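# Sharing a model that was predicted from the sequence below.
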Amino acid sequence: MGTLSREFTKILYQRRTYVGWAGLLAVPLLIVLALDLSSSKPAPGEGPPFFAAIANNGVFVPLAAIGALSFFLFPLVASMAGAFPLAGEAEQGTMKTWMSRPLGRGTILFSKWGVAVLYVVVGMALVGLGGLLAGWLVFGAHPLLTLSGTTIGIAAGLGRIVLANLVILAALLCMVSLALFVSTLTNSSLTAAISAMVVFVVLTILNGFSYFDFMKPYTFTSYNMAFINLFRDPIYWHPIRNALLVYGATVAGLLLVSWLIFRRKDILT
Amino acid sequence: MRSLRLELVKLLHQKRTYLGWIGLALVPVIVIVAGALQKPHRPDPGDPPFVTHVGQSGLLVMLAVLYALASFLLPIVAAMGGASSVASEAEVGTLKTWLTRPVSRTGVLFTKWLTAVLYALAGAALVAVVSLVAGVAAFGLHPLVTLSGTTLGPGHALALIALAYLLVAAGAVCSLTIALLLSTLTDSSLTAATIAIAVFTVLTVLNAFSAFDFMKPYTYSAYRLAFVDLFRSPIYWQPIRRALVDYGVTVGALLLAAWAVFGRKDVLT
Amino acid sequence: MLSTHGLTKRFGKILAVDHLDLTVRRGDVFGFLGPNGAGKTTTIRMIFGLIFPTSGYVEVLDHRVPGQRVAALRHLGGFVEVPAFYPTMSARRNLRLLGSAGGHPTEERIAEVLDTVGLLNRADSKVSGYSHGMKQRLGIANALLGRPEVIILDEPTSGLDPQGMKDVRELVRELGAAGTTVLLSSHLLHEVEQVCNRAVIINRGRTVIEGPVATLRPREEAVKVVTDDQQKAKETASALFGERAVSWDEGNLIVRAGDEGVPELVRRLVAQGIAVRAVVPAIEQGLEDFFLELTQSSDVDSGHGERAAARSAAASSSGGPGG
């Protein structure tokens, strides 16, 4: 725990931390702005998921925001977050300083993973809360219309939005773990993050082709839209459960391999 | 130019250079394999253009791949190249060594930019060649049907496709130059690349909203699919011309800003 | 050859270099001396045009830096802080690459400088595998490559083993003898003494004292006294020379006795029945004390620095060795 808080302190002193958070926060605000200024609101069902619903109910803003972000920007920021703690430390030259402390390598690795996760969590919270606030102010908060046609109360709606965030968070953990894994192999944070993104893009492309359907259930990128099922009445738990299983297995597998490599790695920087 | 040759030597000695090119080259391979093994199905409205018919001609492979390049891949790789140019030398510590030589800062910056441009062009060319060779080998070379319904001979079509690749590469140079500017402002190549990629992505999203139509003609991302107009009969040159003008102005302004920053920057690393 | 005029650099609230005026003449082996953080590296960065002065300028062979940076750099060689090279390339490749930027190095010359610094047998292995000392030596090789008229070395012996340090100092002496102008920065007074002919001591960005190296030593030599009763010896020495002339340094008794005082001290010690084991010149401690005094006092701005400077000025006017 102590190690984790030390890692978190380290990132709080870096400018790039705030740049990333600010960028994420800008998205829901831009969405609200765009829809508010737009002369023609999209018809129901038109446009990206939940966008059309925003005009009538500001509570949908956080959903629309994380939906839009989860395609690309969230994975990008998650890769960045996963690449920096380990490779960025090597680049700064403080790796050898940090590793001369009496800490196990496993502890160090997991605390770096932990701080990356925390970074993403804070980012998501900013998007969610910022979006909710902006949406509420501009469009008002009303009971939610689910995809099945029924209506649920605001409190229940907010609860489901939190759950949706958690599901997407689990997906992003895969990106964080992937970037962290690559950064045990290379000393360049740029290489680690870009490699993770390339894998993400390649898997996403593969998901688009029916021939690769056999892989589909096992690749974490195919469950991008699973969170939508939370907004059916009743909730379709099945796809969400599958998604979480795959996410969990991916993250566990990547962390295991990362740990195996990191424990035996020569720290030369 | 001798200084260009030197920068190219530096570029070719970095692992990430090859990672980027390999990542790009994977795309046509995946598309071809999937296209070859795909069961014929009715085109989805959600499918990107050319994808369902990929198996019919090697030329269509080139176009399907180009679509992916234009939408996100080439800007990512180009941003990586642009970000590495200055920031990774600062990270390794060789920037101060290089600037101790009697070389002007203007020359250094411009040569680095040019090197990154060549990197992006080489990447695009690599993808084009791999798509062509493997695509033709897999599916044969057939006349191309344009969007207007007319048919083009393979030779003619190839020439247009080459132009299309160049146009997309020109668009990617905008992302590259943003990343270059950012890498003169920060010493972290990953931060520079991430912000450049994020800017492209966000602009792409904003382009979809009518509220931001006022900016649309000025943002380089709005022209990313302009190459499609080459495949009409007669060719719609106007959007392409506008795209090139926009790219020119964008890159020119960004280079000027980068020059101003780099020329007066204290090199402390 | 090289001079700075009112060179000043401010980083936010910190004044790193304060109106520094230096002059390095042709053929000098010039020592640039000061404690860590004095502003030596910042000054060198400004000479190379890596950072921009807040005010003032540098002049290298009639070319001003920053204005005519590129022209000035044609006559300059050297490095600032730890020399950094391209890790995936070998030393030879690095030199070829760097030398080609604004110059025309031949393969023979590359091999020659690598041999001079003793890296020829490792010339083709990747720099990422080099030790600190090897990178240091490669930095010197890089400085020598184009045969520049002025060479600037930023703490070139730091991180080297004793043999390495000897080699570098010998090399610098040879360069001076061959007519190359050298600016050597260091925080070791005795190193500057051995190698340079002129020096400046700076502290907190300002010049404390400048002149021929010989004038930088205190005229009064210090001696290390080893007896069987150190406490009594200390009292005796204090009684003879005053409290301030006697000090403990890392367990050794140091007495600033001066030439004439030593025989008298020995006589008194013997008279008291103290067994005298050794009375040897304590060159290092004496110099370090002097250096500390100079620099600490230029912090506190009291009379000590002036007294120390006056002592050495008196020494030079009475005709110290070398002059």
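Received it, and whenever you're ready, just let me know what you need.

# From here on, just use CA atoms for contacts and neighbour counts.
Fine.

# what's the longest helix along chain B packed up against?
When chain B is scanned for its longest helix (criterion: DSSP state H), the result is helix B:105-139. In terms of contacts (3 or more CA pairs under 8 Å, 6 or more residues apart in numbering or on different chains; DSSP states H and E), helix B:105-139 is packed against helix B:2-12, helix B:15-37, helix B:58-68, helix B:74-92, helix B:154-185, helix B:237-263.

# Run through the residues of chain A sitting next to chain B.
The interface of chain A toward chain B, taken as CA under 8 Å from any CA of the partner chain, is made up of A:16, A:34-35, A:37-40, A:72-73, A:76-77, A:80, A:91-92, A:189-191, A:193-195, A:198, A:202, A:206, A:209-212.

# sorry, back to before: Throw the helices and strands packed on helix B:105-139 into TSV and include distance to chain C, mean neighbour count and mean pLDDT, thanks.
As requested, the helices and strands packed on helix B:105-139 are arranged in TSV below (distance: least, CA to the nearest CA, whole Å; neighbours: other CA atoms under 10 Å in any protein chain shown; pLDDT from 0 to 100):
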stretch	distance to chain C	mean neighbour count	mean pLDDT
helix B:2-12	6	16	89
helix B:15-37	9	19	83
helix B:58-68	33	25	84
helix B:74-92	7	27	91
helix B:154-185	14	23	92
helix B:237-263	10	17	93
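
# CSV for those, including distance to A:Ala179?
Putting those into CSV (distance: least, CA to CA, whole Å) gives the following:
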stretch, distance to A:Ala179
helix B:2-12, 23
helix B:15-37, 15
helix B:58-68, 23
helix B:74-92, 16
helix B:154-185, 21
helix B:237-263, 29
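
# mind checking which of the ones you listed is nearest C:Asp229?
With respect to C:Asp229, and counting by CA to CA, the nearest of those is helix B:74-92 at 56.3 Å.

# Output the contacting helices and strands for that closest one.
Taking 3+ CA pairs under 8 Å, 6+ apart as the contact definition, the neighbouring helices and strands of helix B:74-92 are helix A:89-92, helix B:15-37, helix B:94-99, helix B:105-139, helix B:154-185, helix B:189-207.

# Can you give the contact residues for stretch C:48-68?
Around stretch C:48-68, the neighbours that count as contacts under CA atoms under 8 Å, 6 or more residues apart in numbering or on different chains are B:96, B:99-100, B:264-268, C:1-10, C:19, C:45-47, C:69, C:71-73, C:75.

# so of those, which ones are in helices?
Checking those against DSSP H, those in helices are B:Lys96, B:Leu99, C:Arg45, C:Met46, C:Ile47, C:Arg69, C:Ala71, C:Ala72, C:Leu73.

# Narrow those residues to just the buried residues.
Among the ones in helices among the contacts of stretch C:48-68, those classed as buried by 16 or more other CA atoms under 10 Å in any protein chain shown are B:Lys96, B:Leu99, C:Arg45, C:Met46, C:Ile47, C:Arg69, C:Ala71, C:Ala72, C:Leu73.

# residues near the closest residue to the third one other than its chain neighbours, how many?
Which is C:Arg45. In space, C:Arg45 comes closest to C:Ile51 once its chain neighbours are excluded; the distance is 5.8 Å by CA to CA, 6 or more residues apart in numbering or on different chains. Residue neighbour count, defined by other CA atoms under 10 Å in any protein chain shown, stands at 19 for C:Ile51.
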